[in-house]
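Student: Compute the structure for the input listed below.
(one chain, ligands or ions: 2)
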Amino acid sequence: MTSRFAAGSVAVVPLRDGVSGKSRLAAALDPGARRRLVVALARHVVDVLVADERLVGVVVVTADVPFVDAVLSGAAPGLTGSSSSDRQSGLPVRSRTADVIREPDGRPGLNGALDHARERARRLGADRMLVVHADLPLLTGDDVGAVLTADADVVVATDRHATGTNLLSVPLGGHDDGDGFSFRFGPGSRAAHEAEAAARGLTSAVVHRTGSAADLDTIDDWAGLPAALRARLL
Ligand SMILES: Nc1nc2c(ncn2[C@@H]2O[C@H](COP(=O)(O)OP(=O)(O)OP(=O)(O)O)[C@@H](O)[C@H]2O)c(=O)[nH]1
Ligand SMILES: C[C@H](OP(=O)(O)O)C(=O)O
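Tutor: Ligands and ions are numbered 1, 2, ... in the order given. Below you'll find the model as predicted:
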């Protein structure tokens with residue numbers, strides 16, 4: 001088994017862009033509200049990760065770098081609520097400590113964007129990569145810790161249906177490791193990631209926790225959040 005603590009993990013957050021995410025919520029939220037939601041969710045997830053001293057670094061991989069820069073600086077267009085009130089009160093907004101990189105041209109999709117980010121994670125000196133989706137409103141540092149400390153080479157934190165993958169920790173291997181672990185995000189990704197681990201002779205473990213499982217894809221997911229949290233996210 002690879003050591004999970006020799007050099008440490010770089011967290012990678014894939015964030016598509018500022019306009020096309022959360023399309024499955026279109027019947028409940030207008031485009032402006034969906035954009036504010038994408039911003040608030042991403043800031044929450046990145047805040048949790050940059051506060052986590054166990055991580056070697058945090059990388060956001062996106063098709064829209066200016067949008068993500070604005071998200072992380074608190075200046076995202078159309079953003080209301082906590083960050084604008086931070087600016088009005090003169091309190092410092094969170095400093096940018098995530099490394100924002102652009103995914104390759106040609107719409108490589110989520111798995112292709114993560115392949116690209118893997119190279120940055122290697123250059124940051126990590127020996128593991130922790131993928132964390134940007135739509136986890138209940139994610140805490142303890143959820144991240146549960147994945148980082150699970151006793152397996154490959155660790156999957158599932159969604160609420162136990163079929164998807166919301167966090168994934170994999171060994172990076174060296175440049176002699178070919179393309180490395182194949183990311184299999186998409187329908188049935190939990191089983192696909194377990195199968196990929198087994199095919200490579202790696203052990204795997206699955207983490208089920210409320211904070212890592214509660215992604216926000218559907219209107220039912222949205223309706224299931226506490227009203228006060230929904231109001232904060234918009
Ligand atoms: N960089 C990058 N991130 C992506 C891409 N597709 C999805 N993501 C991110 O991957 C995570 C999981 O995305 P999904 O829940 O599948 O999709 P979504 O964009 O949030 O929402 P839908 O529009 O409802 O599919 C989110 O953090 C997305 O922003 C992509 O093509 N490139
Ligand atoms: C990418 C996918 O996430 P979802 O689209 O279900 O949030 C998955 O679980 O692999």
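
Student: Please make it C-alpha for all contacts and neighbour counts, starting now.
Tutor: Will do.

Student: show me where pLDDT drops low in this structure?
Tutor: Scanning the chain with the threshold set as pLDDT under 70 gives 1-6, 75-96, 174-179.

Student: what does it have sitting close to ligand 1?
Tutor: The chain comes close to ligand 1 at residues 14-16, 20-24, 61-63, 109-110, 113, 133-135, 217, as judged by C-alpha under 6 Å from any ligand atom.

Student: Could I get the full set of helices for the protein?
Tutor: Assigned by DSSP state H, the helices in the chain fall at 31-50, 65-73, 82-89, 109-123, 141-149, 189-199, 210-213, 219-223, 227-233.

Student: From the residues of the chain next to ligand 1, keep the buried residues only.
Tutor: Neighbour counting by 16 or more other C-alpha atoms under 10 Å classes 14-16, 21-22, 61-63, 110, 113, 133-135 among the residues of the chain next to ligand 1 as buried.

Student: Between all of those, which two are separated the most?
Tutor: Within these, Lys22 and Ala113 form the most distant pair, 17.9 Å apart (C-alpha to C-alpha).

Student: So which of the residues of the chain next to ligand 1 sit within strands?
Tutor: Pro14, Leu15, Val61, Thr62 (DSSP state E).

Student: Ligand 2 contacts on the chain?
Tutor: By the rule C-alpha under 6 Å from any ligand atom, the part of the chain lying against ligand 2 is Gly164, Thr165, Asn166, Phe185, Gly186, Pro187, Ser189, Asp217.

Student: Wait, the third one touches Val155, no?
Tutor: No: because the distance of 10.7 Å does not satisfy C-alpha atoms under 8 Å, Asn166 is recorded as not touching Val155.
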